[in-house]
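*Asks:* here are the coordinates; sequence isn't available:
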């Protein structure tokens, strides 16, 4: 889990993850943070 300031930054990070690039992780999810989660 990680927090990013934008969805684009999260997507970029996930797509460059070595586990994703090597096929160890087949998919990822980017979820919006909501203040109700606190």
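*Replies:* Yep, that arrived. Being a predicted model, the structure only gives us computed values, none of them experimental.

*Asks:* Where does pLDDT dip in this protein?
*Replies:* 37-38 (pLDDT under 70).

*Asks:* Which helix in it has the most residues?
*Replies:* For the chain, the helix with the greatest residue count under DSSP state H is helix 7-15.

*Asks:* Pull out the buried positions in that one.
*Replies:* By 16 or more other CB atoms under 10 Å, the buried positions in helix 7-15 come out as 10, 14. Heads up, the C-betas are built off the backbone N, CA and C, glycines and all.

*Asks:* from the chain's centre, how far out does that helix sit?
*Replies:* 6 Å (CA atoms, centre = their mean, to the nearest Å).

*Asks:* What of stretch 19-28?
*Replies:* With CA atoms, centre = their mean, you get 12 Å for stretch 19-28.

*Asks:* And for it, what's in contact with it?
*Replies:* With CB atoms under 8 Å, 6 or more residues apart in numbering as the contact definition, stretch 19-28 has outside contacts at 14, 17.

*Asks:* got a list of what the nearest residue to residue 30 once chain neighbours are set aside touches?
*Replies:* In space, and not counting its chain neighbours, residue 30 is closest to residue 10: 4.6 Å by CB to CB, 6 or more residues apart in numbering. By CB under 8 Å, 6+ apart, the contact list for residue 10 reads 2, 4, 30.

*Asks:* So the second one versus residue 21, what's the distance?
*Replies:* Going back to what we said before, that points to residue 4. Taking CB to CB, to the nearest Å as the measure, residue 4 falls 19 Å from residue 21.

*Asks:* between these two, who's got more neighbours?
*Replies:* Under the criterion of other CB atoms under 10 Å, the comparison of residue 4 against residue 21 puts residue 4 first, with 14 against 10.

*Asks:* For residue 14, see how far away the more buried one is.
*Replies:* Distance from residue 4 to residue 14, by CB to CB: 10 Å.
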